[in-house]
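1. could you look at this predicted model? Sequence included:
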Amino acid sequence: MQGKERILLTCWGTLGEVFPIQRLARHLTGQGNRVHVCGPGYAQQLFGGVSASFSAIPTGIEQTDWRIENQQRFLSQRHGLESILNDIDEHAHLAAEQMHRVIIKQKISKVMHSWITPAAAIAAHRARVPSVRLYLYPLALNQQADPPVMPRWPRLTSCSQGIETRRKLQPVLSHRYRRLIPRLMALGNDAGLAPETYEMFPAERPSCARLALFDERLLLSADKTLDFLNLPLQPKPTMPPELEEFLGRHGAPILISLGSFKAPNKRHAMITLLAAIRSLSLPAVAVLGQPGPRQAIKHPNALILSNCSLPAAMPHCRLVIHHGGIGTLQETLNAGRVSLTMPLQFDQFDNARRLKALGLGHTAAPGRRDGNALASLIARALGDGETAARCKAWTSQHS
């Protein structure tokens, strides 16, 4: 990727999806390329200085409230799927049109997009510009045929299908998934997995270029068809004064970070974790992942921050409890810390399984998340010297 190209990067969703694209933008700009970005409006400030322009994708499917509402509608089966698919199709069409305009206006020579922004691939195909599909976490390799829940519509918006064809497909897909979902939910519940994202669907091997932005070692087995780009994680940040003061008074805490996505069970999980840590008489720092100016809530043995750059806190913590999001996971490994994962949804269950298979962390299974069980798991993770040694070795190999 050397040279003076005009590159369009696309991203969508939570900070875990945005930060890898931000690092890629910084990398490409540093090589002398001119980078343009299409992404969620809230992320515009993150690309200041690393992109030539930023275009916010159409409002609708990227909004958290919309996603949660329609996911619940779909999984509860109280409403038909057609209305959700119609909304998705409309926003997909708007996003593809917008990205096509950016490609033409900025004279883009290459489009790089993740699997959850397939509208970029449609726009690139229409403008006859080469595209590169980016993979931000391992499970994305197996999700080309994921059910069309929320913004997950690669097949409905394939560049080889016209909008009328896609509309005809909707009733067929609706009928099939209505029959399939109860079985998937039962299987997922029995295994403690998220049925809407578990690896139950075949991987599609696209003919376009493919580039992974996660650590190759997380794949467990080599994939010779995939290129990897190891980008530096976030630059070393300045420690917030509230955190510095807390560390000075309490020493090394347990860090909790459950991501920026508004999962329905996230608040309960955070409260239960804080109570479990308090029962062990240990200090805790909880990062809520909320945008905007930082706010701090101080308790006798805990500090709750609305947001904080995790690399500022991780080196000073004895254990990191997180949701298994790929960004937090890789930051934890980079800091050489043991993970206790509490996956809530999406790729997090798969990421947690990979950590456990590599011997780099522990997992709180869905059926073991009451206060007593979590306290026992935390104590076990803190006393696991073998896992701690493997985490340090992982970091040294990466350096």
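-> Perfect, I can see it now.

2. how many other residues sit next to the nearest residue to Asn230 once chain neighbours are set aside?
-> Distance criterion CB to CB, 6 or more residues apart in numbering; nearest residue to Asn230, sequence neighbours excluded, is Asp215 at 7.0 Å. Any C-beta I mention is one placed from the backbone N, CA and C, and that applies to glycine too. The number of residues packed near Asp215 is 17, by other CB atoms under 10 Å.

3. quick one, phi/psi of Asp215?
-> Main-chain torsions, Asp215, degrees, to the nearest 10: phi -60, psi 130.

4. shaky segments in this protein?
-> Residue ranges of the chain with pLDDT under 70: 1-3, 58-92, 115-116, 118, 142-208, 233-236, 263-264, 367, 398-399.

5. now the strands: where do they sit in it?
-> According to DSSP state E, the chain carries its strands in the segments 6-10, 34-39, 53-56, 110-114, 131-135, 209-212, 227-228, 254-257, 284-287, 296-299, 302-305, 319-322, 339-341, 361-363.

6. Gln98 against Ile57, yeah?
-> Yes: with contact defined as CB atoms under 8 Å, Gln98 counts as touching Ile57 (6.8 Å).

7. would you reformat the strands of the chain as TSV and include mean neighbour count?
-> Shown next, in TSV, are the strands of the chain (neighbours: other CB atoms under 10 Å):
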stretch	mean neighbour count
strand 6-10	25
strand 34-39	24
strand 53-56	17
strand 110-114	24
strand 131-135	22
strand 209-212	18
strand 227-228	14
strand 254-257	25
strand 284-287	25
strand 296-299	13
strand 302-305	21
strand 319-322	27
strand 339-341	26
strand 361-363	23
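
8. let me have these in JSON lines, extended by distance to Asp370.
-> Listed next are the strands of the chain as JSON lines, based on distance: least, CB to CB, whole Å:
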{"stretch": "strand 6-10", "distance to Asp370": "41"}
{"stretch": "strand 34-39", "distance to Asp370": "39"}
{"stretch": "strand 53-56", "distance to Asp370": "42"}
{"stretch": "strand 110-114", "distance to Asp370": "36"}
{"stretch": "strand 131-135", "distance to Asp370": "36"}
{"stretch": "strand 209-212", "distance to Asp370": "37"}
{"stretch": "strand 227-228", "distance to Asp370": "40"}
{"stretch": "strand 254-257", "distance to Asp370": "16"}
{"stretch": "strand 284-287", "distance to Asp370": "18"}
{"stretch": "strand 296-299", "distance to Asp370": "21"}
{"stretch": "strand 302-305", "distance to Asp370": "19"}
{"stretch": "strand 319-322", "distance to Asp370": "15"}
{"stretch": "strand 339-341", "distance to Asp370": "15"}
{"stretch": "strand 361-363", "distance to Asp370": "15"}
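
9. between these, which one is closest to Asn351.
-> Comparison of the strands of the chain against Asn351 by CB to CB identifies strand 339-341 as nearest, at 7.3 Å.

10. which strands or helices does the closest one pack on?
-> Helices and strands touching strand 339-341, as assessed by 3 or more CB pairs under 8 Å, 6 or more residues apart in numbering; DSSP states H and E, comprise strand 319-322, helix 326-334, helix 348-357, strand 361-363, helix 371-382.

11. quick one: strands adjacent to the fourth one?
-> It refers to strand 361-363. According to DSSP bridges, strand 361-363 forms sheet pairs with strand 339-341 (parallel).

12. measure how far the partner strand is from the centre of its chain, please.
-> The chain centre lies 16 Å from the centre of strand 339-341; the measure is CA atoms, centre = their mean, to the nearest Å.

13. in contact with the nearest residue to Leu333 once chain neighbours are set aside, which residues?
-> In this structure, Leu333 finds its nearest non-sequential neighbour in Trp394, 5.6 Å apart by CB to CB, 6+ apart. By CB atoms under 8 Å, 6 or more residues apart in numbering, the residues touching Trp394 are 217, 333, 336, 358, 360.

14. which ones are touching the last one?
-> Contact partners of Leu360, counting by CB under 8 Å, 6+ apart, are 333, 338-339, 387, 390-391, 394.

15. which one of these is nearest to Arg126?
-> When the contacts of Leu360 are ranked by distance to Arg126 (CB to CB), Leu333 comes first, at 39.4 Å.

16. ok, that closest one touching Thr395?
-> Yes: with contact defined as CB under 8 Å, Leu333 counts as touching Thr395 (6.7 Å).

17. more crowded one of these two?
-> Between Leu333 and Thr395, counted using other CB under 10 Å, the more crowded position is Leu333 (25 against 15).

18. which of the strands of the chain sits closest to Arg380?
-> Closest approach to Arg380 among those is made by strand 361-363 (6.7 Å; CB to CB).

19. from the chain's centre, how far out does the closest one sit?
-> Centroid displacement of strand 361-363 relative to its chain, using CA atoms, centre = their mean, is 18 Å.

20. swap in stretch 14-29?
-> Distance, stretch centre to chain centre, for stretch 14-29: 12 Å (CA atoms, centre = their mean).

21. ok, now which ones touch the residue in the chain sticking out farthest from the centre?
-> Among the C-alpha atoms of the chain, the one most distant from their mean position (CA atoms, centre = their mean) is that of Arg249, at 33.4 Å. By CB under 8 Å, 6+ apart, the contact set of Arg249 is empty.

22. thank you, goodbye.
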